[in-house]
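Student: okay, here's the prediction I keep looking at, along with the sequence it came from:
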Amino acid sequence: MKRLLLLYASQTGRTLQLVAAVRASVAGLADDLQFNCLPAEQATLDDLLATDGIVLATPENFGYMAGKLKDFFDRTFYPAQGRTEGLACLLLVSAGNDGLGALQSMRRIIAGYGWHEVLPAVVVRGEPAAAQLAEVAERAEQLVAGMLIGRW
């Protein structure tokens, strides 16, 4: 059985809308998928070590990822070193500006873990439109499909 972990840090409903789109899209996808959705501050090293793929969702805060997601990285980076390399990853950013600072900072950190951003990130600027939520759902489904067939 494959395991997908969705970690999110949210101060606003916009990021939670992205999380809801992922949850809805993967909830009934396959009997061979264990799905775990956690706020970043509740996630542990064990949650990370037990997953085959990860979705990271964050708002853009002052041109950076949310502090709660950064805290997760701070708590798990060294203990996870060499133990999560090759993990399939999808990045989601809810931005009030351009989202590029948040995206760039997450990419630097996941590179240090040795994770692979297997699909293009989704950056939603402002209130998510239906088409953007559909894009988030589609990317999550693609991530799971790739996991289930062993592509990543």
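Tutor: Arrived safely.
Student: so for the host helix or strand of Ala111, mean pLDDT?
Tutor: Assigned by DSSP states H and E, Ala111 falls within helix 100-113. Here helix 100-113 scores 97 as its mean pLDDT.
Student: would you list every one of the strands in this structure?
Tutor: Counting by DSSP state E, the segments of the chain that form strands are 2-8, 33-39, 53-59, 88-95, 116-117, 122-125.
Student: strands paired with the fourth one, and their directions?
Tutor: Pointing back at strand 88-95 there. Strand partners for strand 88-95, identified by DSSP bridges, are recorded as strand 53-59 (parallel), strand 116-117 (parallel), strand 122-125 (parallel).
Student: of all the ones you listed, which lies closest to Gly99?
Tutor: strand 122-125 (3.9 Å; CB to CB). In short, each C-beta sits where N, CA and C put it, glycine included.
Student: tell me how far that closest one lies from the chain's centre.
Tutor: The gap between where strand 122-125 is centred and where its chain is centred comes out at 13 Å by CA atoms, centre = their mean, to the nearest Å.
Student: list the helices and strands the biggest helix by length in the chain packs on?
Tutor: Longest helix in the chain by number of residues, with DSSP state H as the criterion: helix 130-148. Here helix 130-148 touches strand 2-8, helix 13-26, strand 33-39, strand 53-59, strand 88-95, strand 122-125, going by 3 or more CB pairs under 8 Å, 6 or more residues apart in numbering; DSSP states H and E.
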